[in-house]
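> Here is a sequence with its predicted model. Questions after.
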Amino acid sequence: MENEGRPANHMGALPMTLFSTGELETDDSLNHQDFWAFKANTNPRNGIARQASNMPINDLISTLYNQSKPSTSVDSAQKPNENGFSLAETVLDSNAVNDNDDFDDDSWEFKDAFSGAKAENLTSGHSIDNALQNFPTKVELKDYVDFYLKLKDKSCSVALCHLDSLKKAKTAAALFGEDVRVEALDKEIKDACKELSQENMLPKEVYLENGPPREICLDGFLEDLCGPKFQVLESEYHLSRRLSLAEKDLRSAVELFKHATSTLKILMMGSMEEQSNYVSTWSKMISVCAQELKHGASIWKQSLQKNVYSQILLEPRGQKFILALGEIYRVVEVLGASARLFKPWVLLSSEKVDIFDLLEECSTVWSSLGLEDALHCLCDPFGFEYDGTVHALLASIKYVHDLDVLSLQNHVFTQQKPTCQMSLLTPEMVPGMKMVVWNGNHYFLTLSNLWANRISSDPPKLPDLQIG
């Protein structure tokens with residue numbers, strides 16, 4: 001496994017009900033490449049019935065599990081659980097978290113598969129120690145809020161200036177009898193007014209064409225962006241280029257106003273410390289998911305090399321293992337959506353770990369090391385209780401992955417519905433994932449169980465932010 005210096009913290013199988021009934025269906029007829037670069041005697045998709053080993057599934061899983069364990073993180077006094085996989089045995093346990101579940105450590109029945117510190121103390125190239133540090137001390141949240149308040153006001157003024165220019169051009173065209181141009185400008189003005197009205201950009205007072213001219217100049221912002229304080233914003237959002245375009249074009253000015261408005265809304269949700277706590281929580285969770293996915297990919301690689309993959313795909317315990325990895329990757333997509341929606345928090349955070357690097361790492365492991373193909377190979381129904389389907393899980397993963405920032409904003413900020421305390425997303429945004437109440441707050445069940453088993457039996461210390 002990569003990054004052997006990172007202490008893995010497999011606290012054992014996750015005794016949780018991860019799955020709920022999913023309604024979405026997806027076409028499973030897509031062509032997929034053979035699993036990674038390993039060459040088995042048969043293709044896993046087409047030759048499941050052929051088997052190179054008659055080893056009992058328990059022994060097989062245990063053997064693969066032992067071979068894939070990172071040597072630097074194993075306590076010699078600890079043994080892997082008898083089922084082999086750190087997640088597989090009870091991941092589909094029907095003991096669901098109920099509304100009064102306090103996640104008492106004593107309620108979890110598992111054996112540690114790995115030893116070492118909990119996720120709070122994980123260290124690696126993606127270090128998340130000092131995770132609860134505040135945002136940069138030399139730059140206060142107020143600095144960014146003030147910047148975007150001015151940007152919102154100025155971009156609105158520039159857009160109105162462009163509208164004034166269109167009106168003056170229409171008046172001039174009418175004086176010269178240019179009827180075709182007048183008609184075109186009239187339509188452009190009406191469309192512009194409609195969009196400006198939707199964004200609440202039109203002034204309440206009537207602006208007189210012979211009044212003092214509005215100013216189209218955004219040079220003051222360019223000076224701010226040259227300083228180190230705002231370099232992260234310039235690098236991510238290319239604000240200098242957008243400012244230049246806004247001076248020349250009405251649509252660009254409106255888009256800049258929308259950016260300023262949405263960023264302001266996010267920056268003004270909570271204090272720096274509260275925002276930092278969210279970024280820290282997401283970092284911990286994604287780091288845990290990355291470990292689990294890499295460990296699962298290592299086991300799957302071993303099964304391909306030894307030509308015993310079909311036994312994993314056909315036996316209930318192996319099927320549970322693959323399903324569990326699918327659920328873990330859905331958690332990655334959920335938290336990736338949170339990071340996209342609240343990107344200003346992530347950009348301005350002092351977290352040592354780069355969340356987007358971690359997300360990319362998880363995506364690579366999932367799609368390039370055979371785990372996604374392994375999930376596609378599973379066939380419904382299973383010989384065990386499973387509140388969902390493989391099709392629905394794959395469709396849910398794709399649905400969350402495809403959510404753009406605008407869709408995320410519309411879901412979260414315009415709907416008065418419960419949001420997951422950890423991800424800040426609504427249930428409609430994650431099809432098929434149950435929501436439960438834990439310690440008085442709503443959580444997606446999969447996220448809460450993963451946190452309770454791998455990080456802390458106590459809920460994450462997150463503020464109650466006003467969403468929507």
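Cool, the structure landed. Residues are numbered from 1 along each chain as shown.
> Endpoint to endpoint, stretch 202-217 covers what distance?
End-to-end distance for stretch 202-217: 19 Å, by C-alpha to C-alpha, to the nearest Å.
> where does the stretch 251-400 of the chain dip in pLDDT?
385 (pLDDT under 70).
> try 80
Low-confidence segments of the stretch 251-400 of the chain, defined by pLDDT under 80: 351-353, 380-388.
> mind listing the helices for it?
272-305, 309-314, 316-341, 343-347, 355-368, 371-377, 390-402 (DSSP state H, counting those that start in this stretch).
> quick one: which of those is nearest residue 415?
Among the helices of the stretch 251-400 of the chain, the nearest to residue 415 by C-beta to C-beta is helix 316-341 (13.4 Å). To be clear about C-beta, it is placed using only N, CA and C from the backbone, and glycine gets the same treatment.
> Checking residue 407 next. Helix, strand or coil?
helix (DSSP: H, G, I helix; E, B strand; the rest coil).
> one step back: any chance of the helices of the stretch 251-400 of the chain in TSV, with mean neighbour count and distance to residue 204 too?
Listed next are these as TSV, based on neighbours: other C-beta atoms under 10 Å; distance: least, C-beta to C-beta, whole Å:
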stretch	mean neighbour count	distance to residue 204
helix 272-305	23	33
helix 309-314	22	65
helix 316-341	24	31
helix 343-347	21	30
helix 355-368	19	41
helix 371-377	22	54
helix 390-402	20	39
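> Turn those into a markdown table, columns for distance to residue 202.
A markdown table is the format used below for these (distance: least, C-beta to C-beta, whole Å):
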| stretch | distance to residue 202 |
| --- | --- |
| helix 272-305 | 32 |
| helix 309-314 | 61 |
| helix 316-341 | 28 |
| helix 343-347 | 27 |
| helix 355-368 | 37 |
| helix 371-377 | 48 |
| helix 390-402 | 34 |
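> of these, which approaches residue 462 most closely?
Set against residue 462 and scored by C-beta to C-beta, those come closest in helix 272-305, at 5.8 Å.
> Which secondary structure elements does that closest one sit against?
Counting contacts by 3 or more C-beta pairs under 8 Å, 6 or more residues apart in numbering; DSSP states H and E, helix 272-305 is packed against helix 57-68, helix 309-314, helix 316-341, helix 343-347, helix 355-368, helix 371-377, helix 445-454.
> now those helices as CSV including distance to residue 249?
CSV is the format used below for those (distance: least, C-beta to C-beta, whole Å):
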stretch, distance to residue 249
helix 57-68, 56
helix 309-314, 55
helix 316-341, 26
helix 343-347, 25
helix 355-368, 30
helix 371-377, 42
helix 445-454, 42
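> So which of these is nearest residue 412?
With C-beta to C-beta as the yardstick, what comes closest out of the helices and strands packed on helix 272-305 is helix 316-341 (6.5 Å).
> how far off helix 390-402 does the closest one point, in degrees?
With axes from the mean of the first three to the mean of the last three C-alpha atoms, to 10 degrees defining the directions, helix 316-341 sits at 20 degrees from helix 390-402.
> and helix 316-341 with helix 272-305, angle?
Using the same axes, to 10 degrees: helix 316-341 against helix 272-305 is 150 degrees.
> Output the contacting helices and strands for helix 316-341.
So helix 316-341, by 3+ C-beta pairs under 8 Å, 6+ apart, packs with helix 57-68, helix 272-305, helix 309-314, helix 355-368, helix 371-377, helix 390-402, helix 405-413, helix 445-454.
> Let me have the ones you listed in CSV, extended by distance to residue 462.
Below are the helices and strands packed on helix 316-341 laid out as CSV (distance: least, C-beta to C-beta, whole Å):
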stretch, distance to residue 462
helix 57-68, 34
helix 272-305, 6
helix 309-314, 37
helix 355-368, 16
helix 371-377, 29
helix 390-402, 20
helix 405-413, 15
helix 445-454, 11
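> Which among the ones you listed is found nearest to residue 463?
With respect to residue 463, and counting by C-beta to C-beta, the nearest of these is helix 272-305 at 4.2 Å.
> sorry, back to before: mind checking which of the helices and strands packed on helix 272-305 is nearest residue 424?
Among the helices and strands packed on helix 272-305, helix 316-341 comes nearest to residue 424, with 5.8 Å by C-beta to C-beta.
> From residue 285, how far off is residue 422?
Per C-beta to C-beta, to the nearest Å, residue 422 is found 8 Å from residue 285.
> so what sits against both of the two?
When contacts are counted by C-beta atoms under 8 Å, 6 or more residues apart in numbering, residue 422 and residue 285 are jointly contacted by 447, 451.
> Could you pull up phi and psi at residue 389?
Backbone torsions for residue 389, taken as degrees, to the nearest 10, come to phi -140, psi 160.
> Not counting sequence-adjacent ones, nearest residue to it?
residue 380 (4.8 Å; C-beta to C-beta, 6 or more residues apart in numbering).
> Please look at residue 240 and residue 225 and confirm they touch.
Yes. Counting by C-beta atoms under 8 Å, residue 225 is a contact partner of residue 240 at 5.6 Å.
> Now the common contact residues for these two.
Residues touching both residue 240 and residue 225 (C-beta under 8 Å, 6+ apart): residue 234.
> Mind checking which of these two has more residues around it?
Neighbour count, other C-beta atoms under 10 Å: between residue 240 and residue 225, residue 225 has more, with 18 against 14.
> list the helices and strands whichever helix or strand the more buried one is part of packs on?
According to DSSP states H and E, residue 225 maps onto helix 219-226. Secondary-structure packing of helix 219-226 (3+ C-beta pairs under 8 Å, 6+ apart): helix 141-175, helix 231-237, helix 239-248.
> Which of these sits closest to residue 260?
Nearest to residue 260 among those is helix 141-175 (3.8 Å), distances taken as C-beta to C-beta.
> quick one, that closest one and helix 272-305 angle?
Using the same axes, to 10 degrees: helix 141-175 against helix 272-305 is 90 degrees.
> Flag every buried residue along helix 141-175.
141, 144, 147-148, 151-152, 154-164, 166-167, 169-170, 173 (16 or more other C-beta atoms under 10 Å).
> if we can go back for a sec, which positions in the helix holding residue 225 come out as buried?
For helix 219-226, burial by neighbour count (16+ other C-beta under 10 Å) applies to 221, 224-225.
> Please apply the same query to stretch 247-255.
Of all the residues in stretch 247-255, those buried under the rule 16+ other C-beta under 10 Å are 247, 250, 252-255.
> ok, and what's touching it?
By C-beta under 8 Å, 6+ apart, stretch 247-255 touches 155, 158-159, 162-163, 166, 192, 195-196, 199, 201, 216-218, 242, 245-246.
> give me every residue that touches the closest residue to residue 239 other than its chain neighbours.
If the residues on either side of it in the chain are set aside, residue 239 comes closest to residue 225, at 5.7 Å by C-beta to C-beta, 6+ apart. Going by C-beta under 8 Å, 6+ apart, residue 225 touches 231, 233-234, 239-240.
> Just the pLDDT for residue 225.
Residue 225 carries a pLDDT score of 91 in this model.
> Then residue 61?
On the pLDDT scale, residue 61 gets 61.
> quick one on the thing from earlier: these two touch, right, the residue nearest to residue 389 and residue 390?
Yes. Using C-beta under 8 Å, residue 380 is in contact with residue 390, at 5.6 Å.
> residues contacting the nearest residue to residue 326 once chain neighbours are set aside?
Of all residues not flanking residue 326 in the chain, residue 375 sits nearest, at 4.6 Å (C-beta to C-beta, 6+ apart). Residue 375 is in contact with 322-323, 325-326, 390, 393-394, counting by C-beta under 8 Å, 6+ apart.
> With that, I have no additional questions.
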